[in-house]
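Peer 1: Coordinates only, no sequence provided:
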């Protein structure tokens, strides 16, 4: 595993990564310091005090090639050695919460294959998430952005209408020390989860949208679009500025119609 990733540890500062991992080239800014861990196909900003990622980001591109099929069977969660918190999968056992991926396994598997998707099981990419939230409304949103595979074939989601997409994901947390936690490591439980997408259309236009979904059971998966909002709203609720320089003027955009029209 170590040979497949590059781990970078630092406090909140602007860091230039190779390629276009981040829209505009600058990593997100958060109110709290983070440990940045860069994997093969995604990057996280991990809070050593909250014991969860404050943000996780990956990119996907439109392609005419058939998305890769990767079985999840045999993949196991692993402790990220680059973090001081050293959260282990056992810290979630009997907690009442699932291990919720921020960068999803499926999106990385479709685009990058088995080894890259295995890295999404890092505990640095995980938050405590109610299973009926994770598997229902949250899964619906993930599939709308990155696509899903069914018995009938692959449905591309937003990749149908975009040449390139940057996807950012993270939790909304209560003030430090005031929220619900699990384990003796005091792993913070989100009060909501957010996702943001910035995409380039085939015509070269830059568009964006975000969603902030309450962390509750029983939400109707079909209503995920009612939670559409702006990247600026994510900054206000979660304390994370996704695009610090905002070169494409995306922070105030909510192009939800593109996402809705891209669905099958």
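Peer 2: Yes, it's here. In this text, all values refer to a predicted model and were calculated from it rather than measured experimentally.
Peer 1: Every contact and neighbour count from this point should use C-alpha atoms.
Peer 2: Noted.
Peer 1: what about this protein, any weak spots by pLDDT?
Peer 2: 1-19, 63-66, 151-152 (pLDDT under 70).
Peer 1: Which stretches in it count as helices?
Peer 2: 105-112, 114-118, 131-132, 138-146, 231-238, 256-261 (DSSP state H).
Peer 1: For residue 218, which of these is the nearest?
Peer 2: Closest to residue 218 of the helices of the chain, according to Cα to Cα: helix 131-132, at 7.1 Å.
Peer 1: hmm, who's touching that closest one?
Peer 2: 97-98, 217-218 (Cα atoms under 8 Å, 6 or more residues apart in numbering).
Peer 1: Now with 10 Å, please.
Peer 2: 96-100, 138-139, 215-219 (Cα atoms under 10 Å, 6 or more residues apart in numbering).
Peer 1: Would you mind writing the PyMOL command to select the buried ones in these?
Peer 2: Those of these that count as buried under 16 or more other Cα atoms under 10 Å are selected in PyMOL with:
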select buried, resi 97+98+99+100+138+139+215+216+219
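Peer 1: Let's see which of the contacts of helix 131-132 end up in strands.
Peer 2: 98-100 (DSSP state E).
Peer 1: Closest one to residue 156 out of these, please.
Peer 2: residue 100 (22.1 Å).
Peer 1: Was I right to think residue 200 contacts residue 164?
Peer 2: Yes: between residue 200 and residue 164 there is a contact under Cα atoms under 10 Å: 5.4 Å.
Peer 1: before we move on, back to that, looking at the helices of the chain, spot the one closest to residue 82.
Peer 2: helix 114-118 (16.7 Å).
Peer 1: Pull out the buried residues from that closest one.
Peer 2: Going by 16+ other Cα under 10 Å, helix 114-118 has these buried residues: 114, 116-118.
Peer 1: want to throw those into a markdown table with distance to residue 49?
Peer 2: Formatted as a markdown table, those follow (distance: Cα to Cα, whole Å):
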| residue | distance to residue 49 |
| --- | --- |
| 114 | 31 |
| 116 | 27 |
| 117 | 26 |
| 118 | 25 |
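Peer 1: What is the nearest of the residues you listed to residue 211?
Peer 2: residue 117 (23.8 Å).
Peer 1: who are the neighbours in contact with the closest one?
Peer 2: 39-42, 70-72, 75, 103-111.
Peer 1: Run a quick neighbour tally on residue 234.
Peer 2: Here the count is done by other Cα atoms under 10 Å, and residue 234 has 25 residues near it.
Peer 1: so it makes contact with residue 242?
Peer 2: Yes: if you go by Cα under 10 Å, residue 234 and residue 242 touch, sitting 8.3 Å apart.
Peer 1: who touches both of these two?
Peer 2: 169, 196, 251.
Peer 1: Between those, identify the one with the most neighbours.
Peer 2: residue 169 (27 neighbours).
Peer 1: looking at it, that one is touching residue 52, isn't it?
Peer 2: No: if you go by Cα under 10 Å, residue 169 and residue 52 don't touch, sitting 12.0 Å apart.
Peer 1: Between residue 200 and residue 164, which contacts overlap?
Peer 2: Contacts common to residue 200 and residue 164, judged by Cα under 10 Å, 6+ apart, are 61, 206.
Peer 1: quick one on the thing from earlier: write a ChimeraX command that selects only the buried members of the contacts of residue 117.
Peer 2: In ChimeraX, this line selects whichever of the contacts of residue 117 come out buried by 16+ other Cα under 10 Å:
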select :39,40,41,42,70,103,104,105,106,107,108,109,110,111
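Peer 1: Now do the strands in the stretch 101-250 of the chain.
Peer 2: Under the criterion DSSP state E, counting those that start in this stretch, the stretch 101-250 of the chain carries strands at the ranges 126-129, 148-150, 153-155, 164-172, 181-182, 187-188, 192-200, 206-214, 228-229, 240-241.
Peer 1: and of these, who's closest to residue 258?
Peer 2: strand 206-214 (8.8 Å).
Peer 1: Would you mind getting the angle between that closest one and strand 192-200?
Peer 2: What separates the directions of strand 206-214 and strand 192-200 is an angle of 170 degrees, with axes from the mean of the first three to the mean of the last three Cα atoms, to 10 degrees.
Peer 1: Sounds good, over and out.
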